[in-house]
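Peer 1: can you look at this prediction? I've put the sequence above it.
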Amino acid sequence: MTNSAPQENDVFTGLENDLNALANARDNWARTPVSERIQILQEIKDALLSASDGWVRDAARAKGLSADSPLAGEEWLSGPYAVMSGCNGLMQTLSELEGKAFLRHIPFRTLPSGQTAARVTPHGIWDRLLLSGVKADVWMKPGVNEGNIAEHAATAYDVPPEQRTGRVALVLGAGNIAAIAPLDAFQKLFLEHQVVVLKMNPVNDYLTEHLEAALRPLIERDALRIVKGGGDVGAWLTEHPTVEEIHITGAESTHDAIIWGRGDEGQRNREAGTPRLDKRITSELGAVCPTIVVPGNWSGADIRFQAEQIATQKLHNSGFNCVACQALLMPEGWDQANELLNEIRGVMGRSTRPAYYPGAEDRLETFRQKSAEVTSVSRDTAPDLLINQLEDDDWFRSNEIFAPALSTHSLEAPDAEQYLRNAIDFANSKLHGTLGANIVIHPDTIRSIGRDRFEALLTDLRYGTIAINTWTGLGFLNTACPWGAFPGHTLDDVQSGIGTVHNTFMFDAVERAVVEAPFRPFPRSVLSGEWSLLPRPPWFITNRRQHRLGRLLTRFQHSPGWHRIPRIFANALLG
């Protein structure tokens, strides 16, 4: 019988050495010149390109996908592609940091609320071609305007390099989406001048060797260490005196255990207002995310396409997403509601991706037991997708399912505008968390409400990312957008978290991101007067070419060029 104690001691000795190396290098990293940081990001891109095929192969295998499955495209887009995009965005901002010249190329406008919005997408010819018709705005907090925006962007770089002091940050990685952990680390490294110990989640720590290969330029400079381990390693790191800041992506229960403790201890600390840790802690913790379907006059093709959209919002990554649609809000009395719901069930029934994430079976059983009545959508070898009514139990409004399950709820709809107001009020007051909300609305309905009035209504929807006729997951993939909860949460009531990540334009006073895509795909978009060449989006679970598109788009992010466009367009049109 072997003794595990020496091995355990070796683990913590290694961690101690890692923390010492980071601590010794933290000031050097903080003072690293901008030109060198740009070079580091280019080196990461090159290394990432070499590591990407193995990365995606192992991720697909771990999630039960065959090597040639179109769904492997999800691993490309939410893995190497997103990280490559983050590198490009940071390089662009840093290359124009002098005088904050990068701000001169961003259109700003004043919203009906008086707030300022920055149009971050499209940003250049490639966005206009590859994300044709997609728009993304970053809404600033009240008081920030075009005149003072430079005072609220890249402010960490306002301190002269020789005066900067570094800090050691712990990033607790997520187990579901591969790009989360490296992009969270980028936030600390490039926006906050901090060195990082990245603790991988045991669910996807098979990515460690690929991340170490891709991020080698940071590791060689002692700016980053990537470590594995269970809850004991995470707890040891959170409490270590060398760790000065923490960022966590995960469950609210995990966050609260770190901050307050568990059981009676946690309750006493919370009541006394005495957190266990005296460190700055930022977080992204998920939510009961709504999709609001606004009534209108939809064609049969509109219903089929939007059914694919909503099914994707639920079943991308098999439903294991912090912004997966969990509450489908429908207009009461809308004569096309049943047709849409039937089409959604049909699309979901054809999605047979395995439910790979630990605990899914237990969470689905809890969902079933708490439901007054459940509709089961058979999905061949995959677990049935479960659908219930949100009003079955208050539990469904307060708990993220993190599994293939969905609740529906109908709201009064005397007209489209009043229905939208009702849905916004419901989402704000009844659903836990503020991470992401989706709105599906016909362009004619927006015109009937009025664009200014529509944006005024959005002001009341308190979510960190709002997606109009697309999924908030696109806001995650678009690293120019800040990613995180709506501001205002506290350690005592953290809900979807505190702070943001991504945000490659380095805005310091953001309120939310609003992403909008065409209601119809190409060519129907053009025929109906929407100027968009975007066909079925590559992140749709129904896209037959997304594995090819994901690889092509990742390589395009590494080396953009006109010669790469024809193959991307050809596969996009066939998807």
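Peer 2: Nice, I can see it.
Peer 1: so where's the stretch 451-575 of the chain uncertain?
Peer 2: Applying pLDDT under 70 to the stretch 451-575 of the chain picks out no residues at all.
Peer 1: how about the lowest-mean-pLDDT helix or strand in the chain: buried residues?
Peer 2: Lowest on mean pLDDT, DSSP states H and E among the helices and strands of the chain sits helix 524-527, with a mean of 81. Counting neighbours by 16 or more other CB atoms under 10 Å, one finds that the buried residues in helix 524-527 are 524-525. For every residue, glycine as well, the C-beta is placed using N, CA and C.
Peer 1: where do the helices sit along the stretch 351-500 of the chain?
Peer 2: Under the criterion DSSP state H, counting those that start in this stretch, the stretch 351-500 of the chain contains helices at 360-370, 395-398, 416-430, 443-449, 451-459, 473-477.
Peer 1: which of these is buried the deepest?
Peer 2: A comparison of these by mean neighbour count, using mean count of other CB atoms under 10 Å, puts helix 473-477 on top with a mean of 25.
Peer 1: could you list the domains of the protein?
Peer 2: 11-78+149-284, 289-543 (automatic domain parsing).
Peer 1: next secondary structure after the least confident helix or strand of the chain?
Peer 2: On the C-terminal side of helix 524-527, the closest following helix or strand by DSSP states H and E is helix 546-558.
Peer 1: contacting residues around that next one?
Peer 2: For helix 546-558, the external contacting residues (CB atoms under 8 Å, 6 or more residues apart in numbering) are 45-46, 48-49, 52-53, 56, 68-77, 80-81, 84-85, 88, 126, 130, 538-540, 543, 564, 567-568, 571-572, 575.
Peer 1: and those, which are buried?
Peer 2: By 16+ other CB under 10 Å, the contacts of helix 546-558 give 45, 48-49, 52, 56, 69-77, 80-81, 84-85, 88, 126, 130, 538-540, 543, 564, 568, 571-572, 575 as buried.
Peer 1: rewinding a little: I'd like the domains of the chain laid out as TSV, including distance to Gln557.
Peer 2: Shown next, in TSV, are the domains of the chain (distance: least, CB to CB, whole Å):
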stretch	distance to Gln557
domain 11-78+149-284	8
domain 289-543	10
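Peer 1: which of those domains sits closest to Met140?
Peer 2: domain 289-543 (5.6 Å; CB to CB).
Peer 1: okay, how far is it across the closest one, tip to tip?
Peer 2: 23 Å (CA to CA, to the nearest Å).
Peer 1: again, but for stretch 215-230
Peer 2: Stretch 215-230 has its terminal residues 22 Å apart, counting by CA to CA.
Peer 1: return the set of buried residues in that stretch.
Peer 2: For stretch 215-230, using 16+ other CB under 10 Å, the buried residues are 215-218, 222-227, 229.
Peer 1: now stretch 423-433, how far from the centre of its chain.
Peer 2: Stretch 423-433 sits 20 Å away from the centroid of its parent chain (CA atoms, centre = their mean, to the nearest Å).
Peer 1: contacts for it, please.
Peer 2: Residues outside stretch 423-433 that contact it (CB under 8 Å, 6+ apart): 285-290, 292, 294, 327, 329, 397-400, 409, 411, 437, 457, 460-463, 485, 495-496.
Peer 1: try 6 Å this time
Peer 2: Contact with stretch 423-433 is made by 287-288, 290, 292, 327, 329, 397-398, 411, 437, 460-462, 495-496, as judged by CB atoms under 6 Å, 6 or more residues apart in numbering.
Peer 1: stretch 390-404 now?
Peer 2: 286, 288, 319-320, 326-327, 355, 360, 363-364, 370-372, 385, 407, 409, 430-432.
Peer 1: of all the buried residues of stretch 215-230, which two lie farthest apart?
Peer 2: Longest span within the buried residues of stretch 215-230, CB to CB: Pro217 and Gly229, 24.1 Å.
Peer 1: correct me, but Glu308 touches Asn543?
Peer 2: No: contact criterion CB atoms under 6 Å: Glu308 and Asn543 do not qualify, at 8.9 Å.
Peer 1: residues that sit against both of these two, list them.
Peer 2: Counting by CB under 6 Å, 6+ apart, Glu308 and Asn543 have no contacts in common.
Peer 1: show me the contacts for Tyr463.
Peer 2: Applying CB under 6 Å, 6+ apart, the residues near Tyr463 are 434, 436-437, 486.
Peer 1: out of these, which end up buried?
Peer 2: For these, buried by 16+ other CB under 10 Å: 434, 436-437, 486.
Peer 1: strands - which of those land there?
Peer 2: Residues of these located in strands (DSSP state E): 436-437.
Peer 1: can you tell me the centre-most residue of the protein?
Peer 2: For the chain, the residue nearest the mean C-alpha position is Phe476 (3.5 Å; CA atoms, centre = their mean).
Peer 1: what sits against that one?
Peer 2: Trp483.
Peer 1: let me know the distance separating it from Arg447.
Peer 2: Distance of Phe476 to Arg447, given as CB to CB, to the nearest Å: 29 Å.
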